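Asker: Below are the sequence and a predicted model; questions follow.
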Amino acid sequence: MIVISSFETLEQAAQRSCGCPIPGSVQGRAGWGFETEKFALTRNRRVGLLHRLLQLAVLGYLLGWVLVVRRGYQDTDAAPHVSVITKLKGVSVTRAKDARSRLWDAADYASPPQVGGGGVTALLFCLSQSPSVLDGMCTEDVDCPVGSPVVHGNGIKTGKCVMFNTTHSTCEIYGWCPVENNTLPRKPLLAEAENFTLFIKNTVNFTKFNFSKGNTLQTNDPTYFKSCTYDPFFNPSCPVFRIGDVVEAAGETFGDLALLGGSISIRIEWDCDLDQSTAQCQPQYSFILVDRRYNFRTASYYWDSQRRPYRSLMKLYGIRFDISVHGQVPCRWKTLHAQSCLAFHQR
Ligand SMILES: Nc1ncnc2c1ncn2[C@@H]1O[C@H](COP(=O)(O)OP(=O)(O)OP(=O)(O)O)[C@@H](O)[C@H]1O
């Protein structure tokens, strides 16, 4: 009977039992030796299990990760050329303290006008200003160098230190009067902005496969975009977004965000398999609240009958939309000579 120890080969066991020279050994090679493969039989369950597990891991990596997840049999273009155009629409009326009403439409609250994604929802102040002299603290004229800017004082110093009252002197400052007050808005100016709509027209072009696609439906119905509203489940292909829905999808309530403004990132993701029908190639939208405050100032200028300049200064709080487009399109056929992936399939 031949007894095989844990890591002994069959040959070695046979050699050991008959006392013959081991082929390939120093003793074997000295004569007419020959070489052959040796098989090791390991009678150890743990080692056997580890061996099978390693084989499974390699197979799983190749089939699961390389072929199924990473689609290793396809070529991929992940650098689309993109174009995004936005239009904000909606109308609202505000009533000022003097009971005068003002009508706001897209031309008033969209900023920059119809290009970026921004909308005003609150107005802190609206001042009619003209250039005048204002004051800053000092003891003598040298404390007020001519032309030095007063960043938060809205002007530049004239070089004069003037009496403010019996105890204080101030630098004379040349700037727009009256100056802003620093109070915060107490309620959103355009509460109706919740129902305003944002139209996002996006086109992507994957040059590697000569494939381009837009998010707007090619339709002859002129009322389609005016009447549809995006819904992730019931209407995912409509590119018109209700502002209230976008804010809610970003996890915020419109009333809170509209008061001091905010910034929302809209991410458009094109992840299409060009080996499938391109009709199924639709973008996915996601909304993330990026910042809880957003405001900016704007002014319009005019002159009175004596040609004195005036300006209407507004500090506007609003919701800003930052739109980013990402995408990758895998295709089974490697491109040659910049021909389209689809053309390859049709051949
Ligand atoms: N924010 C929006 N909400 C709803 N519909 C919109 C919005 N922006 C544009 N649309 C509609 O989408 C369609 C395509 O807009 P596009 O800007 O290409 O055309 P337009 O004729 O210049 O639009 P407009 O009505 O502004 O004159 C139009 O029917 C337009 O009325």
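Answerer: Perfect, I can see it now. Numbering: from 1, shown residues only.

Asker: going forward, measure contacts between C-alpha atoms and count neighbours the same way
Answerer: Fine.

Asker: For stretch 68-79, buried residues please.
Answerer: R71, Q74, D75, T76, D77, A78 (16 or more other C-alpha atoms under 10 Å).

Asker: Please apply the same query to stretch 266-284.
Answerer: 266-274, 281-284.

Asker: could you turn that stretch into PDB, dropping everything but the C-alphas?
Answerer: The C-alpha atoms that make up stretch 266-284 are tabulated as PDB, following Å, rounded to 0.1, in the frame of the first residue of the first chain:
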ATOM      1  CA  ILE A 266     -29.600  70.400 -11.600                       C
ATOM      2  CA  ARG A 267     -27.600  67.500 -12.900                       C
ATOM      3  CA  ILE A 268     -28.600  66.000 -16.300                       C
ATOM      4  CA  GLU A 269     -27.200  62.500 -16.800                       C
ATOM      5  CA  TRP A 270     -27.100  60.800 -20.200                       C
ATOM      6  CA  ASP A 271     -26.300  57.200 -19.700                       C
ATOM      7  CA  CYS A 272     -27.400  55.500 -22.900                       C
ATOM      8  CA  ASP A 273     -26.300  52.100 -24.400                       C
ATOM      9  CA  LEU A 274     -26.000  52.700 -28.100                       C
ATOM     10  CA  ASP A 275     -26.400  49.000 -28.700                       C
ATOM     11  CA  GLN A 276     -30.000  49.400 -27.600                       C
ATOM     12  CA  SER A 277     -32.600  51.500 -29.400                       C
ATOM     13  CA  THR A 278     -31.900  55.300 -29.200                       C
ATOM     14  CA  ALA A 279     -35.600  55.900 -28.500                       C
ATOM     15  CA  GLN A 280     -34.800  54.600 -25.000                       C
ATOM     16  CA  CYS A 281     -32.000  57.100 -24.600                       C
ATOM     17  CA  GLN A 282     -33.500  59.700 -22.200                       C
ATOM     18  CA  PRO A 283     -31.600  61.900 -19.700                       C
ATOM     19  CA  GLN A 284     -32.100  61.500 -15.900                       C
END
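
Asker: who touches it?
Answerer: 215, 237, 285-288, 321-332, 341-342, 345 (C-alpha atoms under 8 Å, 6 or more residues apart in numbering).

Asker: Straight-line length of stretch 288-295, end to end?
Answerer: Terminal residues of stretch 288-295 are spaced 19 Å apart (C-alpha to C-alpha, to the nearest Å).

Asker: element containing D245, please.
Answerer: helix 243-249 (DSSP states H and E).

Asker: From the chain's centroid, how far away is that helix?
Answerer: Computed by C-alpha atoms, centre = their mean, to the nearest Å, the separation of helix 243-249 from the middle of its chain amounts to 16 Å.

Asker: try stretch 61-81
Answerer: Taking mean C-alpha positions (C-alpha atoms, centre = their mean), stretch 61-81 and its chain are 23 Å apart.

Asker: Name the nearest of the buried residues of stretch 68-79 relative to the ligand.
Answerer: Ranked by distance to the ligand (C-alpha to the nearest ligand atom), the buried residues of stretch 68-79 are led by A78 at 27.4 Å.

Asker: In contact with the closest one, which residues?
Answerer: F206, H326, G327, Q328, V329.

Asker: Mind checking which of these land in strands?
Answerer: Cross-referencing those against strands under DSSP state E gives F206, H326, G327, Q328, V329.

Asker: Now rank those by neighbours and give me the top one.
Answerer: In terms of neighbours by other C-alpha atoms under 10 Å, the ones in strands among the contacts of A78 top out with V329 at 22 neighbours.

Asker: Which parts of stretch 317-333 count as buried, going by neighbours?
Answerer: 317-323, 325-333.

Asker: F287 belongs to a helix?
Answerer: No. Using DSSP: H, G, I helix; E, B strand; the rest coil, the assignment for F287 is strand, not a helix.

Asker: Show the contacting residues for it.
Answerer: Contacts of F287 (C-alpha under 8 Å, 6+ apart): V246, V247, A249, A250, I264, S265, I266, R267.

Asker: and of the residues you listed, the nearest to I85?
Answerer: Distance to I85 across these (C-alpha to C-alpha) is lowest for I266, with 13.1 Å.

Asker: do you know how far that closest one is from the ligand?
Answerer: For I266, the distance to the ligand equals 15 Å [C-alpha to the nearest ligand atom, to the nearest Å].

Asker: Likewise for G64?
Answerer: G64 is 43 Å from the ligand, by C-alpha to the nearest ligand atom.

Asker: and that residue, that one's in a strand?
Answerer: No. G64 is assigned helix when assessed by three-state DSSP, not a strand.

Asker: what's the distance between it and L56?
Answerer: Taking C-alpha to C-alpha, one finds G64 at 11 Å from L56.

Asker: again, but for Y174
Answerer: Distance from Y174 to L56, by C-alpha to C-alpha: 79 Å.

Asker: same question, G255
Answerer: In terms of C-alpha to C-alpha, G255 sits 55 Å off from L56.

Asker: and what of F39?
Answerer: Distance from F39 to L56, by C-alpha to C-alpha: 21 Å.

Asker: Return the residues of the stretch 101-250 of the chain in contact with the ligand.
Answerer: For the stretch 101-250 of the chain, the residues in contact with the ligand (C-alpha under 6 Å from any ligand atom) are T197, L198, F199, P222, T223, F225, K226, V240.

Asker: let's see it at 8 Å
Answerer: 196-201, 222-228, 240-241 (C-alpha under 8 Å from any ligand atom).

Asker: Which of the residues you listed has the largest number of neighbours?
Answerer: V240 (26 neighbours).

Asker: Okay then, goodbye and thanks.
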